[in-house]
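1. what follows is a predicted structure for the sequence shown.
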Amino acid sequence: MATNKLMLITGASAGIGEEFAKQYAALGWDIALTARRAYRLEKLARDLEEKYKVATIVVTQDLARANSVDTILKEIKEAGRHVDGVVNNAGYGLPGTFFNTKWKDQAAFLRVLYTAPIELTHKVLPGMVERGFGRIINVASLAGYTPGSNGHTLYASVKSGMIKFSESIDAEAKAAGHDDVHCTALCPGFTWSEFHDVNGTREKTNEMPDWMWMEAEPVVEAGINACERGQPVVVPGAVNKGLATLSRILPEPIGRALVGAQSRRFRNTE
Ligand SMILES: NC(=O)c1ccc[n+]([C@@H]2O[C@H](COP(=O)([O-])OP(=O)(O)OC[C@H]3O[C@@H](n4cnc5c(N)ncnc54)[C@H](OP(=O)(O)O)[C@@H]3O)[C@@H](O)[C@H]2O)c1
């Protein structure tokens, strides 16, 4: 008989999602892990069970598939559990520009990074409200604050959308008096993970100075703590906080010029 609350983490097979799974398990949460690479999820689940004595559920699923959210929730229900918390974390950068990429790839990108997390939130929120408890963390990005750039066309718009979405969910829960239902957008800057290998920018981003980078551990810790406090948005790390502030106070043409000059260092337009 499970006694712990259950945290569902998307993109749990690597990087920031894997770190979320470890930190929530260390806090005593049972963990539902989902991503496409089953062998990674199975191994992580075994490690969490052994080290933290928590229960795990593994659901291998491609979030780009139209019915993926329903399939994940069905498997959790069949395991006799409900979702007390969600980390909408799965994501990647789609290399290229809008005119040299295929619509099917852009549509899959929108589904994985935008509509699937929003659908998942819509489907778990009523249960959270009914039980009077819920934690939702949407992994957005510092890119949600900075101007759009040449390459990875929809990334900044989607991450900006996830920040606004999180603020709205949090405001709606608070206004309705659901004080223990919290929603937080976590906005990391450059973070060590597989992200830059997947989007083909590792060689370029290796040239970025060390002080621009954070490990996944403090990034995730900042997200969990902010969500516990009921803070709707958090930017982890002093450098990232400074950049987020700068992007809000700089006149827009200057911000665009700066990002325009720098984006070839972290965007892949091929
Ligand atoms: N690293 C950074 O510098 C950085 C900065 C700002 C924001 N972020 C955001 O942080 C989040 C996590 O990224 P990360 O840095 O941890 O990258 P990562 O190490 O590449 O991990 C990405 C995760 O997303 C999963 N994923 C990708 N496509 C998927 C799909 N179609 N269906 C299901 N799962 C999928 C991957 O699992 P499978 O391949 O096994 O499916 C993996 O578990 C993303 O939303 C990213 O935008 C990262």
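-> Received the coordinates, thanks.
2. ok, so what distance separates the closest residue to Tyr92 other than its chain neighbours from Leu94?
-> Leaving out its chain neighbours, the residue that sits closest to Tyr92 by CB to CB, 6 or more residues apart in numbering is Val198, at 5.0 Å. Where you see a C-beta, it was placed from the backbone N, CA and C, and this is true even at glycine. Using CB to CB, to the nearest Å, we find Val198 at a distance of 10 Å from Leu94.
3. neighbour count winner among those two?
-> Using other CB atoms under 10 Å, the more surrounded residue of Val198 and Leu94 is Leu94, with 22 against 16.
4. need the residues of this structure near the ligand, please.
-> 11-17, 35-37, 62-64, 89-92, 112, 139, 141, 188, 190-191, 193-195, 198 (CB under 6 Å from any ligand atom).
5. buried members of those residues into ChimeraX, please.
-> Buried subset of the residues of the chain next to the ligand, written as a ChimeraX selection, criterion 16 or more other CB atoms under 10 Å:
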select :11,12,13,14,15,16,17,35,63,64,89,90,91,92,112,139,141,188,190,191,193,195,198
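6. mind checking which of the residues of the chain next to the ligand are in helices?
-> Mapping those onto helices (DSSP state H) picks out 15-17, 195, 198.
7. so can I have JSON lines of those showing pLDDT and distance to Phe133?
-> Shown next, in JSON lines, are these (pLDDT from 0 to 100; distance: CB to CB, whole Å):
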{"residue": "Gly15", "pLDDT": "98", "distance to Phe133": "27"}
{"residue": "Ile16", "pLDDT": "98", "distance to Phe133": "24"}
{"residue": "Gly17", "pLDDT": "98", "distance to Phe133": "22"}
{"residue": "Phe195", "pLDDT": "92", "distance to Phe133": "31"}
{"residue": "Val198", "pLDDT": "90", "distance to Phe133": "34"}
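8. looking at these, which is nearest the ligand?
-> Taking CB to the nearest ligand atom as the measure, the ligand lies nearest Gly15 of those, at 2.3 Å.
9. right, and the closest one touches Asp197 too?
-> No. Gly15 sits out of contact with Asp197 when judged by CB atoms under 8 Å, with a separation of 10.0 Å.
10. check the gap between Asp105 and Lys74 for me.
-> The value you get for Asp105 to Lys74, if CB to CB is used, is 27 Å.
11. ok, now Thr56?
-> Relative to Lys74, and taking CB to CB, Thr56 is found at 17 Å.
12. between these two, who's got more neighbours?
-> Of the pair Thr56 and Lys74, Thr56 is the one with more neighbours under other CB under 10 Å, namely 22 against 12.
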